[in-house]
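S.K.: next one to model:
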Amino acid sequence: MRPLPSTCDGSAAIAARACSVQRGKFITIEGIEGVGKSTNMDFLAEIIESRGHVVMKTREPGGTPIAEEIRQILKEHGDEPLPDVAELLLMFAARSINVNNAIRPALERGTWVISDRFTDSTRAYQGGGRGLARDRIEWLAQLVHGDLQPDLTILLDAPVKTSMQRADRRGEPDRFEVEQRAFFNRVRETYLALAAAEPARFAVVDCSRDLASVQAALRVIADRLLYDVKL
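M.R.: Numbering: from 1, shown residues only. As a prediction, the model looks like this:
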């Protein structure tokens, strides 16, 4: 796809003041541990960049220096227990920083943003996994990012047994990865329920298949998004 045309005319000074840039697309990639979010985010970014778009990759929690510090608190095994409510608030604190300092500015300058996790992760992990009330999560989501919603959410899905086997091969597990299988079953079920409730926003990809098959499905999804074809 050709880069979207600018509506600017005239000198650089006029363009700097009055140039109208089309907003970038916001894509999120979701799923439980071990489904290949990082690998497939890189693959998706390459496809979009090959069509002439600028892409920014980010992750949650994290994405900016301060948000990455919060990520460390959330991921590491500390001596002091982290209450579930504190975990929820830290997730949204990091998200607020990432949204305001990185994601929104990038979208406004026409950059496409791909995020490894966003608020659906909180709905799945802190809501489905931890059992925190959905209305509290939605209140915080409205407070932190309001009308900013993904244009597309790709849910990389695989059975918990499969994903846990893959995650175990990555090395020392973090604070989330040590959770029991029942926890991840609840997380996965919540993800699938979210996808069923918003089929226009979600694209579910079966990641129990080989990588080539997964990426072939991602290429179809990317092409449809790039050419504004209904998913």
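
S.K.: low-scoring stretches of the protein, by residue?
M.R.: Low-confidence segments of the chain (pLDDT under 70): 1-20, 168-175, 177-178, 229-231.

S.K.: my read is that residue 23 contacts residue 105, right?
M.R.: No - counting by Cβ atoms under 8 Å, residue 23 sits too far from residue 105 to count as a contact (11.5 Å). C-beta here means a position set from N, CA and C on the backbone, and glycine is covered the same way.

S.K.: what's stretch 41-51 in contact with?
M.R.: By Cβ atoms under 8 Å, 6 or more residues apart in numbering, the surrounding residues in contact with stretch 41-51 are 1, 27, 29, 55, 57, 112, 114, 116, 154, 215, 218-219, 222-223, 226.

S.K.: go with 10 Å
M.R.: Here stretch 41-51 makes contact (Cβ atoms under 10 Å, 6 or more residues apart in numbering) with 1-3, 24-25, 27-29, 36, 53-59, 112, 114-116, 152, 154, 156, 211, 214-215, 218-219, 221-223, 225-227.

S.K.: same question for stretch 208-228.
M.R.: 1, 25, 27, 29, 35-36, 39-41, 43-48, 50-53, 112, 151-152, 154, 156-159, 161-163, 203-207, 229-231.

S.K.: dump the residue contacts of residue 56.
M.R.: Per Cβ under 10 Å, 6+ apart, neighbours of residue 56: 24, 45, 63, 102-103, 105-107, 109, 111-115.

S.K.: residues contacting the closest residue to it other than its chain neighbours?
M.R.: Spatial nearest neighbour of residue 56, excluding adjacent residues (Cβ to Cβ, 6 or more residues apart in numbering): residue 106 at 4.6 Å. Residues in contact with residue 106 (Cβ under 10 Å, 6+ apart) are 23, 24, 26, 54, 55, 56, 58, 112, 113.

S.K.: make it 7 Å
M.R.: Residue 106 makes contact with 24, 56, 113, according to Cβ atoms under 7 Å, 6 or more residues apart in numbering.

S.K.: make sure the second one is indeed in a helix.
M.R.: No - counting by DSSP: H, G, I helix; E, B strand; the rest coil, residue 56 is not part of a helix but strand.

S.K.: residue ranges for the helices of this protein, please.
M.R.: With DSSP state H as the criterion, the chain has helices at 12-18, 37-50, 65-75, 84-98, 104-108, 119-122, 134-145, 160-168, 181-197, 211-226.

S.K.: could you save those helices as JSON lines and add columns showing distance to residue 128?
M.R.: JSON lines is the format used below for the helices of the chain (distance: least, Cβ to Cβ, whole Å):
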{"stretch": "helix 12-18", "distance to residue 128": "46"}
{"stretch": "helix 37-50", "distance to residue 128": "18"}
{"stretch": "helix 65-75", "distance to residue 128": "17"}
{"stretch": "helix 84-98", "distance to residue 128": "12"}
{"stretch": "helix 104-108", "distance to residue 128": "27"}
{"stretch": "helix 119-122", "distance to residue 128": "10"}
{"stretch": "helix 134-145", "distance to residue 128": "9"}
{"stretch": "helix 160-168", "distance to residue 128": "13"}
{"stretch": "helix 181-197", "distance to residue 128": "3"}
{"stretch": "helix 211-226", "distance to residue 128": "23"}
